[in-house]
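Participant: how would this look folded up:
(2 chains)
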Amino acid sequence: MIRNKKVVIVFIAVLCMIVGLFGKTVELVFWTHEDPNRTPLEEAYIEEFQKMYPEVKITRVTYPSSKIKEVVLTAFAARKGPDIFNMEIQDAYPYVVKERVAPVDLKAIGLKSYDELLSMYVEGTMDPVIYNGKIYGLPLEVTNWCLYLNKKYFREVGLDPEKDYPKTWEDIVSTSEKLVIRDGEILLRRGFDFRYPYYFTEWLPLVVQLGGSLLSEDGKTAIINDEAWLKALQFMKDWGPQGKNLGSPTYQPARNEFNRDNNSVTMCMSGLYQIDRIKAQNPEFYESGEWMVVPFPVFENAVNDVRCNYYGHYYMVNAESSKEKQEYAWKFIDFMLSHPEDYLVQVGLIQPKNTLLDSEVFKNYPYADVFMSDLAKSQPVPLHPKGPQLEQLIREAIEDVMLTNVTAEQALATLKKKANELLQED
Amino acid sequence: MIFIKKKTGIEKKKARWGFIFTIPAIIFFSVFSFYPIINAFITSFYKKDLLSLSKPKFIGLGNYKYLIHSESFWNSVKATTIFTVGTFIPLVIISLILAVFISSRKRFQKFFQMSYYSPALLSSVVAATIWLLMFDPRGLANQFLNFILNTPGKDYKWLTSSGMLRLATIIVYFWKYIGYFTVIFVTGIASIPQSINEAARIDGANRWQVFSRITLPLIKPTTLLVSVMAMTQCLKTFSTQYLFTQSGAPLKPIDVITLNIYNTAIRDHQIGRASAMSIILFVIIMVLTLIQFRVSKAEEVQY
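Facilitator: The predicted structure is shown next:
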């Protein structure tokens, strides 16, 4: 008996040595932003994938949305980046341009051509990751924002939310003036407030609606159509503490207060995912049905009927990872993204796959139709290697007009000068 | 004739052991401080994109020339100067006053020390977050001022008007570090031999005379230490300004040099330019520290 035991032990030890010597584990490091609803889903996919490919071990690490940008950047700068990661596309775009991420491995995901891949997605939604004829990412989510409103507060001031919801930016101002509650200069309840400082996503469409644009078609000149920019900047001046005092960047973010339903904000701008966040944070409010989602407003005299710019999170693969790792990374990404309905139902994320949009699950999902009809009229956030600096300059201009005595004309002159100087820098 | 005192065997041995004991600190300093400084100095002569894999381009003093003509850099110098002067002077003076007050107490000395010191234990991010809630237009800061000044409903624009925003960052920093420097002063005052104070009292000196003629001159090394540390800390301030701007406060009035370095490196990916800025900040800190040492050495007092 004892002898048998010894034989078994020796056999196991030899087996372990053989596995150690010849059995190779591929370790994939996967960095993503915190999303409490997504974590259990993706952890389950990792487990499933590891069963399908026992030689693969995946480590999923999450970082706060505000931190992941710098964590990934410093890791890539030190050439120690993760094998798989995702960020907002405007932050991830320089990784594509600087060739730090690998193009999609078609063989690994079982496709024959890029056309076949593109045909799986809603037209245009892959554009942000196409560069020099190659595709560099697969979309985890494409997000546009619509207007969430609290019906209770509308009724409280004698408005019918179903009929009187704001359709134009002029309506936003007039409705907010009715909804606002003040203690002197202090806003106790805001009607609506912007989502500061996401100016590329939420504010730039106001300029485009009025006929302006950030860049000329050749991309060499910034701030096109002064009149449109002036109107949009004046709108912000009138909105802020120097004007009608309807909102300001220094109050708590409107979307967080909206979920609390604590009489501090009536309308906010957010994506479809907000529905799941309301459900998680304030189930009572969610169940009450006292909230609704309506389209992104458009100016009365808009030249272009564009809605909130959409942005995306695309899973990308580190170009410096070994070929073997890259292959498994794409296989794993493809595996995760082959469950778009789960992502929609459990996390509230829209993967722009045609199969999802045609599904009953999507059609029956609350307010999915509002988001999709807006998305059809949306443009992607501007993608430019100097995008973050340009957005910062816009931020400075808006803060100047909203919070100081700087006029819209002065702010525009400074913005135009600095933005064009920035573009001319080599 | 010059006499050189030769070290005895024991002294030599002691010195050798002393040197051996400092080796870990020297290695630590070399790896984590000296190497990054040298590296930043070299990088400051290159045009280097943080993400690019291509070879950085040597541009000599290009980054420094750019900074000299950069409006944003000079705005940062201004923001840093306002913050440092506005924080460092009150920090040194009030921490000294508090230290004298605590040292003069016969009871509750430890309690006062602990109370004043406790904010220093908080991380800067937590401290800034707490104060952000207070500076919210509906927060405690407005409520307090409106109550005191009888101005109901007035928004003092803590996070929007340039002056108030600067004051807000100064308050956060002052609140966080006042206890830390007070404790250092308390230690300095405690090291003054009691016999000197007693002799002065016997000679008829009043409290003010004891403080101004005995305490103040004798704690000059501590004052120097506190002023150098406070000034250095103020010049390196970052997290308060970073968190405030992340939470919607305008960047320009509080765009201190460290925040500009961070944005230039992380947002703009211009690591060469960011390194040049950090070298300039390093030189500013070093020069100001040397000036403080010089000034204090000229008035050295011994007992």
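Participant: Centre of the chain to stretch B:249-266, how far?
Facilitator: Relative to its chain's centre, stretch B:249-266 lies at 17 Å (Cα atoms, centre = their mean, to the nearest Å).
Participant: ugh, wrong one, I meant stretch B:177-190
Facilitator: With Cα atoms, centre = their mean, you get 14 Å for stretch B:177-190.
Participant: So which bits of that stretch are buried?
Facilitator: By neighbour count on 16 or more other Cβ atoms under 10 Å in any protein chain shown, the buried set for stretch B:177-190 is B:177, B:178, B:179, B:180, B:181, B:182, B:183, B:184, B:185, B:186, B:188, B:189. For glycine as for every other residue, the C-beta is placed from the backbone atoms N, C-alpha and C.
Participant: Dump the residues you listed to a markdown table, plus secondary structure.
Facilitator: Shown next, in a markdown table, are these (DSSP: H, G, I helix; E, B strand; the rest coil):
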| residue | secondary structure |
| --- | --- |
| B:177 | helix |
| B:178 | helix |
| B:179 | helix |
| B:180 | helix |
| B:181 | helix |
| B:182 | helix |
| B:183 | helix |
| B:184 | helix |
| B:185 | helix |
| B:186 | helix |
| B:188 | helix |
| B:189 | helix |
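Participant: which of those residues lies closest to chain A?
Facilitator: residue B:177 (24.5 Å; Cβ to the nearest Cβ).
Participant: I figured the closest one hits residue B:88, correct?
Facilitator: No: Residue B:177 is beyond contact range of residue B:88, at 9.9 Å (criterion: Cβ atoms under 8 Å).
Participant: Now do the shared contacts for these two.
Facilitator: residue B:230 (Cβ atoms under 8 Å, 6 or more residues apart in numbering or on different chains).
Participant: Distance check, residue A:410 against residue A:234.
Facilitator: 12 Å (Cβ to Cβ, to the nearest Å).
Participant: For stretch A:325-341, give me every contacting residue.
Facilitator: Contacts of stretch A:325-341 (Cβ under 8 Å, 6+ apart): A:26, A:28, A:30, A:41-42, A:45-46, A:48-49, A:52-53, A:56, A:58, A:83-84, A:102, A:104-105, A:107-110, A:138-140, A:315, A:317-319, A:321, A:351, A:353, A:355-356, A:359, A:361-362.
Participant: List the ones among these that fall in strands.
Facilitator: Among the contacts of stretch A:325-341, DSSP state E puts A:26, A:28, A:30, A:56, A:58, A:84, A:138, A:139, A:140, A:315, A:317 in strands.
Participant: The fourth one: what's it in contact with?
Facilitator: The reference is to residue A:56. A:25, A:26, A:27, A:28, A:49, A:50, A:328, A:332.
Participant: rerun that using 6 Å as the cut-off
Facilitator: Residues in contact with residue A:56 (Cβ atoms under 6 Å, 6 or more residues apart in numbering or on different chains) are A:26, A:50, A:328.
Participant: Could you report the neighbour count for the last one?
Facilitator: If you count neighbours by other Cβ atoms under 10 Å in any protein chain shown, residue A:328 ends up with 25.
Participant: now the one 4 residues further on
Facilitator: Taking other Cβ under 10 Å as the neighbour definition, residue A:332 ends up with a count of 25.
Participant: what do you get for residue A:370?
Facilitator: Look at residue A:370: counted by other Cβ under 10 Å, it has 18 neighbours.
Participant: before we move on, back to that, with respect to chain B, which of the ones in strands among the contacts of stretch A:325-341 is nearest?
Facilitator: Closest approach between the ones in strands among the contacts of stretch A:325-341 and chain B, by Cβ to the nearest Cβ: residue A:317, at 15.7 Å.
Participant: Count residues in the vicinity of that closest one, would you?
Facilitator: 28.
Participant: does it really touch residue A:104, like I thought?
Facilitator: No: counting by Cβ atoms under 6 Å, residue A:317 sits too far from residue A:104 to count as a contact (8.2 Å).
Participant: What's the nearest residue in chain B when you look at chain A?
Facilitator: residue B:153 (1.6 Å).
Participant: who's in contact with that residue?
Facilitator: Residue B:153 touches A:183, A:184, A:186, counting by Cβ under 6 Å, 6+ apart.
Participant: Can you pull the phi and psi angles for residue A:376?
Facilitator: Backbone torsions of residue A:376, given as degrees, to the nearest 10, read phi -60, psi -20.
Participant: cool, residue B:81 as well?
Facilitator: Dihedral angles (degrees, to the nearest 10) for residue B:81: phi -60, psi -50.
Participant: how far away is it from residue B:148?
Facilitator: 30 Å.
Participant: so where's the stretch 201-303 of chain B uncertain?
Facilitator: B:298-303 (pLDDT under 70).
Participant: ok so, going back, put together JSON lines for the contacts of residue A:56, with distance to residue B:93 on each row.
Facilitator: Output for the contacts of residue A:56, formatted as JSON lines (distance: Cβ to Cβ, whole Å):
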{"residue": "A:26", "distance to residue B:93": "62"}
{"residue": "A:50", "distance to residue B:93": "63"}
{"residue": "A:328", "distance to residue B:93": "63"}
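Participant: hang on, isn't residue A:60 packed against residue A:30?
Facilitator: Yes: using Cβ under 6 Å, residue A:60 is in contact with residue A:30, at 4.8 Å.
Participant: Just give me the neighbour total for the one residue in the stretch 151-300 of chain A that gets nearest to chain B.
Facilitator: Nearest residue of the stretch 151-300 of chain A to chain B: residue A:184, at 1.6 Å (Cβ to the nearest Cβ). When neighbours are counted by other Cβ under 10 Å, residue A:184 registers 13.
Participant: now residue B:258
Facilitator: 20.
Participant: Can you list the low-confidence ranges for chain A?
Facilitator: Residue ranges of chain A with pLDDT under 70: A:1-23, A:426.
Participant: For the stretch 201-350 of chain A, which residues are neighbours of chain B?
Facilitator: Counting by Cβ under 6 Å from any Cβ of the partner chain, the stretch 201-350 of chain A comes close to chain B at A:249, A:250.
Participant: tell me which parts of chain B are close to chain A?
Facilitator: Residues of chain B lying near chain A (Cβ under 6 Å from any Cβ): B:50-52, B:137-138, B:153-155, B:159-160, B:248, B:250, B:266-268.
Participant: and if we set it to 8 Å?
Facilitator: Within reach of chain A by Cβ under 8 Å from any Cβ of the partner chain, chain B has these residues: B:49-53, B:135-138, B:142, B:152-155, B:157-162, B:246-252, B:263, B:266-269, B:271.
Participant: Just the buried residues of these.
Facilitator: By 16+ other Cβ under 10 Å, the residues of chain B next to chain A give B:49-52, B:135-138, B:142, B:155, B:157-162, B:247-252, B:263, B:266-269, B:271 as buried.
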